[in-house]
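Peer 1: 3D model of this:
(chains A, B, C and D)
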Number of protein chains: 4
Amino acid sequence: MTALWAPEAKFRIWFEIEAHATDALAELGVVPKEAAAAIWERGAFEVDRIDAIEAEVKHDVIAFLTNVAEHVGPEARFMHQGMTSSDVLDTCLAVQLARATDILLEDLDRLLEVIKRRAYEHKLTPTIGRSHGIHAEPVTFGLKLAQAYAEFARNRDRLVAARADVATCAISGAVGTFANIDPRVEAHVADKMGLTVEPVSTQVIPRDRHAMYFATLGVIASSIERLATEIRHLQRTEVLEAEEYFSPGQKGSSAMPHKRNPVLTENLTGLARMVRGYVTPALENVALWHERDISHSSVERYIGPDATITLDFALARLTGVVDKLVVYPARMQKNLDRMGGLVHSQRVLLALTQAGVSREDAYRLVQRNAMKVWDSDGELSLLDLLKADPEVTAALGAQDIEEKFDLDYHFKHVDTIFARVFGEAA
Amino acid sequence: MTALWAPEAKFRIWFEIEAHATDALAELGVVPKEAAAAIWERGAFEVDRIDAIEAEVKHDVIAFLTNVAEHVGPEARFMHQGMTSSDVLDTCLAVQLARATDILLEDLDRLLEVIKRRAYEHKLTPTIGRSHGIHAEPVTFGLKLAQAYAEFARNRDRLVAARADVATCAISGAVGTFANIDPRVEAHVADKMGLTVEPVSTQVIPRDRHAMYFATLGVIASSIERLATEIRHLQRTEVLEAEEYFSPGQKGSSAMPHKRNPVLTENLTGLARMVRGYVTPALENVALWHERDISHSSVERYIGPDATITLDFALARLTGVVDKLVVYPARMQKNLDRMGGLVHSQRVLLALTQAGVSREDAYRLVQRNAMKVWDSDGELSLLDLLKADPEVTAALGAQDIEEKFDLDYHFKHVDTIFARVFGEAA
Amino acid sequence: MTALWAPEAKFRIWFEIEAHATDALAELGVVPKEAAAAIWERGAFEVDRIDAIEAEVKHDVIAFLTNVAEHVGPEARFMHQGMTSSDVLDTCLAVQLARATDILLEDLDRLLEVIKRRAYEHKLTPTIGRSHGIHAEPVTFGLKLAQAYAEFARNRDRLVAARADVATCAISGAVGTFANIDPRVEAHVADKMGLTVEPVSTQVIPRDRHAMYFATLGVIASSIERLATEIRHLQRTEVLEAEEYFSPGQKGSSAMPHKRNPVLTENLTGLARMVRGYVTPALENVALWHERDISHSSVERYIGPDATITLDFALARLTGVVDKLVVYPARMQKNLDRMGGLVHSQRVLLALTQAGVSREDAYRLVQRNAMKVWDSDGELSLLDLLKADPEVTAALGAQDIEEKFDLDYHFKHVDTIFARVFGEAA
Amino acid sequence: MTALWAPEAKFRIWFEIEAHATDALAELGVVPKEAAAAIWERGAFEVDRIDAIEAEVKHDVIAFLTNVAEHVGPEARFMHQGMTSSDVLDTCLAVQLARATDILLEDLDRLLEVIKRRAYEHKLTPTIGRSHGIHAEPVTFGLKLAQAYAEFARNRDRLVAARADVATCAISGAVGTFANIDPRVEAHVADKMGLTVEPVSTQVIPRDRHAMYFATLGVIASSIERLATEIRHLQRTEVLEAEEYFSPGQKGSSAMPHKRNPVLTENLTGLARMVRGYVTPALENVALWHERDISHSSVERYIGPDATITLDFALARLTGVVDKLVVYPARMQKNLDRMGGLVHSQRVLLALTQAGVSREDAYRLVQRNAMKVWDSDGELSLLDLLKADPEVTAALGAQDIEEKFDLDYHFKHVDTIFARVFGEAA
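Peer 2: Next comes the predicted model:
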């Protein structure tokens, strides 16, 4: 990913754009075919030399063209005919973003694959579902991962759409009127560079496209933060249901030899903040003045590489974390059991209402017993208390109550959900 | 749009979700059909009463259910069976966002229609294209509007995608496992409320959906800022190529009776900042803890209404501005002519290179004459100077040079661009 | 706080600014003293009437002046002499922000007082300090609160500075030149309204002042999020060291009667996102065009009230949460003990190095025993293992090792820190 | 500025912190004085070697200590006694930010000096003041610069406050309790490194400090954008009252040889967006979990260098732009005159009300003549029209009216404002 944003790669794309454009101009009879051939044959550039020329002319594309002309010779004057710098710069950015996106899509594919494997591995591993950080009702660890899979699958779709948004080619001249360049040149270059034609450009490709692109990266980063936060929570000492892999020789703290910290997912949380931070500058880039101003350019010089490289790194890191995540099913079960059966309170509530108790009374009956269990820190058992509560037993028999404390009851639709998410028969 | 977010509307949607869900439960034999019928027949609520109950129980959905039960009677206990509050709240938000989006899509349609009309009206009205705020080469005012049309058409597509992202229904129970509610209830409610089924929910609908939605609104707001900024620039005293409609009786300044200010587009610029400002909170909402925490809720109580109402208002205001925009073609022509023909410099450059002059020499020849015109503030004429420059005339005849100063030359591809944007034959 | 931003309050401030300015003009002999007196005597306005006039003239200050003139009569023409609307609007905003800040400062004072009380209450309540969510070493709950106290005390200082930044008065006329109004009018109004004089205004008070103000609110909001997040973590089922007060009659979940959720601090987390979200629009407001454009105005109409009202509400809510927070010292001790003494690993490490073992070897010795305890989920005791490790006992005697497991050792500097934070003798 | 953030510089600061801490420990008798001396004498490190060790232990501070120990020998075990990594990392960041701020303060001083010089140079250069982009009333170019001076002087004060906020030293051990390190070590290191003591740390220095710091940089960046935007406006072809210096050999466009674009100030506009973009991640860094998590670290690795280096570059660039700005007083006068005297409308309005005409009538009389001038594009003269309007002349004599069109009238308080801003006697 880093190589894609290096000067060498950028100038190579510039060269290809210019050379393909000259081919089209030659085909149209605007310039000699020999000139087009000469550019491909002798065309070359040196990053240092371009920098040296730019220091004088203070214009990067002119510096590049001057350097290429030093290699090509007189035929070079047929390059860039009727084009403006932005034709090269914006089309190059489109190529870079498209290629960066292809890498990010591969990253997502790998992540999805790993999440899916772990999801099936733990499809029926019981664990407590938590809302507000408080024990709610049982879920499976596989369901948690299925949710993550669905979220990243959505992100993949969004990224494909975002790629289409930015992968356009503009070769339309000084203010986008094609005054000095035939639209067929644009069509040819677009085809060769794997882009679509920008319907209307104004020297530049409109920046709402890039805004949408970086906003999409911001959403993906937020999803990374979500899964990273989940893992950080699971690794908390009191929870410890899963743990980042801790390699032999690794040290968790310079002071405390006992530490094993979720540093990778904490790091991902910070990286997500950065990728999100690039969204607003991209949105501010949209309102360029008239046919264009160049304020977007410095922003893109930062966020083009920074956002894509950071996201690439983050996706790879997250994939590694999920791949090697150490999962502790026994601890999950222990945590699930620690609240004296409170997690079954809803089923009792429903059974009471089914048995004719009003919703308000049923809620009151269950809540008063649940609060005792809660206050005992799980020492008391909700089942025992309910069976000893005459108002409850007036409505439900002991066995009826016991039935409500069955864990498997909660997992009967896991297949349904997996089929929805992973697209296979339930 | 405001009505959509009022408590009355919200509770009505809650009621429909609950009633449809009870229908499905009745159909599945979980609750009596009479109960479902009773809910539709006698179901009612009062906003004040709900508020009063909520003050005690500190839970909005329980307050609502209690109030409805006061009207329905004992059958009310069959409502909400196996559901959790979020099933109601999140599905309601999906309905509200879907309906808000429908209004925004209508807004965009009206805006597109108005832009298109004005674009065709000024398809061939010459005006100067400006890059960096500096005169570049001629464009038409219609082309400026065609660009805006294409941008808002893209935004329309994005909004359709964003609508699909948030228009999902979750009726999956306490932690999304369907433990106490059959998935067919969800399917029924989704169908009745015009939503799709959420493949995997975790008590809540995942917030990456909403993040993408509000990010999309932020992009649209940025496009509004772009067009508003264009108009503000055109209305500057020194430019004055177009002006917001100034109604009889209107006063521009309490101190200066001569003022006519572009206050609507300035206002739109500020509103765009607000809608953009809502993007980051929405992105921060994604990383909820475990199966859900409720931190997203207060954010959405602000940005749900604020972002959609503000954008609705802004789109309508922008439509009015474009619709009634006072355009001054004579002034456009005057500005176009004011720089002594500098806007034709490129064509001379190209002609010189075509005539065998090297690109570097051609650039130098044109630039040295152009800078004289520039420094004369348009008093000198580039055409005259070029015809008097022996190095230029050595390569080009006087008539060749004169030909390069033809305005229509720049507009030969306007039809092509209009066909691309508006989808009609060139 | 809400009353401060109501139209009635705003127009009352406008009236005072205009009346004080007319006083100063009368004192300077520019207008008759009777006129100034008449304005104070008969000056009045009606919000509805102002709205009706504004609908026609589309200018709020002109509408206000017209309405006041209806009450004052002909002398009203001496009002607003040489002033521009922004003199009134910007000075009014300064008054509103200054008054809003006074409320926020009182909020902070109450919060600081409550935090201090709870900090002293739990000055020596032992609890585990956690880095990365993992048990580190013992702290006291009072120390946690002392940190919060210091942070909000800093925020108080910042808010005082931010208040000074925005509490300036500009009565400088159409473009800030005092062409038609003597600077002494400004000085008089500033004095009467409790503001300082704006050294140089350009029709408007420069918006870097407001940007700094709202950025400061964003920092305070982030500190609220920090303390709210701490409490949410402490209330997690597995941790449960503290809990938001749960009132009789309160219901935690419509589906699960056993739930007690940290909904107030989750709500605060969301509110913090909103207040932070207002920072960027305020920063974007700085770069107004030339002497001013009005794009800042719509932004401020939102964020002026929204940011201050939200922060006021959030500070009051946080104060209530801390005030009534239910703290469980026994549970804190239980959690502290649950990791088999791992929290003392550093002291053993230091003792080993002091006894001549190299840092690397000491680290290895402690880590290998700590990892066993870790893997036993706290069933094994670090102390026992160390005493059984011959490499350890070669350097340290059993009693030396036991001494390192003393809890009080960690609290010997609590007095020092409290003295630093609360400013009292240790 | 870049050197400050290089690994070499960072490790040098780490070394100094460790060595000073060991000095203090030796002074307190905790470690041998010879050890402290040995560290200063033989202490050394190699960036490559540290990287190699870190690859294994995955902990940067441990890697650093290991490498230093390779040079120092056995005495190295007395380094870092009772400290935790964050003591080194956070104190180092404080030193880096303090030093970076010193560079930024020098940048601001140079900018202020240049603005002041140009302000005095153009203290009485008349130019049109514009509100909403529309001609309002006359100002001087010096006044525009005085405003910029006042704004950057405020920013300097803010930056001094922000520096104090982050320049604190924490050497407080694993969770900030000083359990294993005497607070006097912290005091010693703070003194030696030019910092103040952090009153209460929790392994880390609290991040509200850094949030406030980066928010302050965001405000400064916004002020840069404001002045840059002013210059971009002034250089617009139709305005052209000032221009960025255009060096010999410079090329404005690859296609259009006539172009001279304000590329430096456009670039500054983009850079401002980036520095602003770093504010939100810094705000999100505040709410670390419990005593600390490490999510802030990756954010700071980006924004520490990026925000300060970008701002340093931007301030220097802006200084250069203002220093060499080409100002065109003749063009300013020409623009001032172009609207047929409309800029004097307020004075006539005031004269009419002073002459007994009601405010509403006076406004109507001036506005109806002003609108004629406006519609004539400045061809008609407001003075002529007013003198021909019988309703006007009924109240004011011809000479009275003429007097109101005096330019110098507007500048009588320039001295007052300059004295306020630059602190000298008027």
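
Peer 1: could I get the full set of helices for the stretch 51-200 of chain A?
Peer 2: Under the criterion DSSP state H, counting those that start in this stretch, helices of the stretch 51-200 of chain A are mapped to A:60-72, A:85-121, A:141-166, A:183-193.

Peer 1: nearest to B:Gly129, of those?
Peer 2: For B:Gly129, the closest of the helices of the stretch 51-200 of chain A is helix A:85-121, at 12.4 Å, according to Cβ to Cβ. C-beta here means a position set from N, CA and C on the backbone, and glycine is covered the same way.

Peer 1: related to what we said a few turns ago, quick one, which of the helices of the stretch 51-200 of chain A is nearest to chain C?
Peer 2: Chain C sits nearest to helix A:141-166 of all the helices of the stretch 51-200 of chain A, at 16.0 Å, using Cβ to the nearest Cβ.

Peer 1: by contact count, what packs against that closest one?
Peer 2: Using 3 or more Cβ pairs under 8 Å, 6 or more residues apart in numbering or on different chains; DSSP states H and E as the contact test, the elements touching helix A:141-166 are helix A:85-121, strand A:126-131, helix A:208-235, helix A:414-422, helix B:141-166, helix B:208-235.

Peer 1: repeat the analysis, applying 10 Å as the threshold.
Peer 2: Contacts defined by 3 or more Cβ pairs under 10 Å, 6 or more residues apart in numbering or on different chains; DSSP states H and E place helix A:141-166 against helix A:85-121, strand A:126-131, strand A:134-140, helix A:208-235, helix A:295-324, helix A:414-422, helix B:141-166, helix B:208-235.

Peer 1: domains in chain A, by residue range?
Peer 2: A:3-81, A:86-248+A:259-335, A:342-404 (automatic domain parsing).

Peer 1: make CSV out of the helices of the stretch 51-200 of chain A and add mean pLDDT, distance to D:Leu112 and mean neighbour count.
Peer 2: CSV is the format used below for the helices of the stretch 51-200 of chain A (pLDDT from 0 to 100; distance: least, Cβ to Cβ, whole Å; neighbours: other Cβ atoms under 10 Å in any protein chain shown):
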stretch, mean pLDDT, distance to D:Leu112, mean neighbour count
helix A:60-72, 95, 32, 22
helix A:85-121, 98, 36, 21
helix A:141-166, 98, 41, 22
helix A:183-193, 98, 48, 19
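
Peer 1: got TSV for those helices, with distance to C:Ile401 too?
Peer 2: As requested, these are exported to TSV (distance: least, Cβ to Cβ, whole Å):
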stretch	distance to C:Ile401
helix A:60-72	67
helix A:85-121	41
helix A:141-166	39
helix A:183-193	70
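
Peer 1: wait, which of these is closest to B:Leu105?
Peer 2: Taking those one by one with Cβ to Cβ, helix A:141-166 is closest: 17.6 Å.

Peer 1: now the angle from that closest one to helix A:295-324?
Peer 2: Angle of helix A:141-166 versus helix A:295-324, following axes from the mean of the first three to the mean of the last three Cα atoms, to 10 degrees, is 160 degrees.

Peer 1: which of the domains of chain A comes out lowest on mean pLDDT?
Peer 2: Lowest mean pLDDT of those: domain A:342-404, a mean of 90.

Peer 1: dead centre of chain A: give me the residue that sits there.
Peer 2: By Cα atoms, centre = their mean, chain A has its centre lying nearest to A:Ile220, at 2.7 Å.

Peer 1: can stretch A:303-317 be said to contact chain D?
Peer 2: Yes. Counting by Cβ under 10 Å from any Cβ of the partner chain, contacts between stretch A:303-317 and chain D involve A:303, A:306, A:310, A:313-314.

Peer 1: typo on my end, it should be stretch A:26-44
Peer 2: No. Stretch A:26-44 is not in contact with chain D by Cβ under 10 Å from any Cβ; minimum separation 15.2 Å.

Peer 1: kindly report the same for stretch A:105-124.
Peer 2: No. Stretch A:105-124 does not reach chain D (Cβ under 10 Å from any Cβ); its nearest approach is 17.7 Å.

Peer 1: same check, this time on stretch A:174-186
Peer 2: Yes. Using Cβ under 10 Å from any Cβ, stretch A:174-186 reaches chain D at A:174-175, A:180-181.

Peer 1: now that stretch - C-alpha only, PDB.
Peer 2: Provided in PDB are the C-alpha atoms of stretch A:174-186 (Å, rounded to 0.1, in the frame of the first residue of the first chain):
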ATOM      1  CA  ALA A 174      -8.400  23.800 -18.800                       C
ATOM      2  CA  VAL A 175     -12.000  24.300 -17.600                       C
ATOM      3  CA  GLY A 176     -13.600  21.000 -18.600                       C
ATOM      4  CA  THR A 177     -15.000  22.200 -21.900                       C
ATOM      5  CA  PHE A 178     -12.900  19.900 -24.200                       C
ATOM      6  CA  ALA A 179     -12.100  23.100 -26.100                       C
ATOM      7  CA  ASN A 180      -8.600  21.900 -27.000                       C
ATOM      8  CA  ILE A 181      -9.000  18.100 -26.600                       C
ATOM      9  CA  ASP A 182     -11.500  15.700 -28.100                       C
ATOM     10  CA  PRO A 183     -13.700  13.800 -25.600                       C
ATOM     11  CA  ARG A 184     -12.500  10.600 -27.300                       C
ATOM     12  CA  VAL A 185      -9.100  11.000 -25.800                       C
ATOM     13  CA  GLU A 186     -10.800  10.900 -22.400                       C
END
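
Peer 1: do that stretch and chain B meet?
Peer 2: Yes. Among the residues of stretch A:174-186, A:174-183 lie within reach of chain B under Cβ under 10 Å from any Cβ.

Peer 1: tell me the pLDDT of A:Ser254.
Peer 2: So, for A:Ser254, pLDDT stands at 69.

Peer 1: buried set for stretch A:393-404?
Peer 2: Within stretch A:393-404, the residues that qualify as buried by neighbour count (16 or more other Cβ atoms under 10 Å in any protein chain shown) are A:395-396, A:400-401, A:404.

Peer 1: go ahead and name everything in contact with it.
Peer 2: With contacts defined as Cβ atoms under 10 Å, 6 or more residues apart in numbering or on different chains, stretch A:393-404 is touched by A:341, A:344-357, A:361-362, A:365, A:382-384, A:386-387, A:389, A:392, A:409.

Peer 1: quick check: end-to-end length of that stretch?
Peer 2: From the first residue to the last, stretch A:393-404 extends over 14 Å; the measure is Cα to Cα, to the nearest Å.

Peer 1: now do stretch A:326-342
Peer 2: Using Cα to Cα, the end-to-end distance of stretch A:326-342 comes out at 28 Å.

Peer 1: so what's A:Leu315 up against?
Peer 2: A:103-111, A:152, A:155, A:220-221, A:224, A:268, A:271.

Peer 1: hmm, 6 Å instead?
Peer 2: Taking Cβ atoms under 6 Å, 6 or more residues apart in numbering or on different chains, we find A:Leu315 in contact with A:107, A:111.
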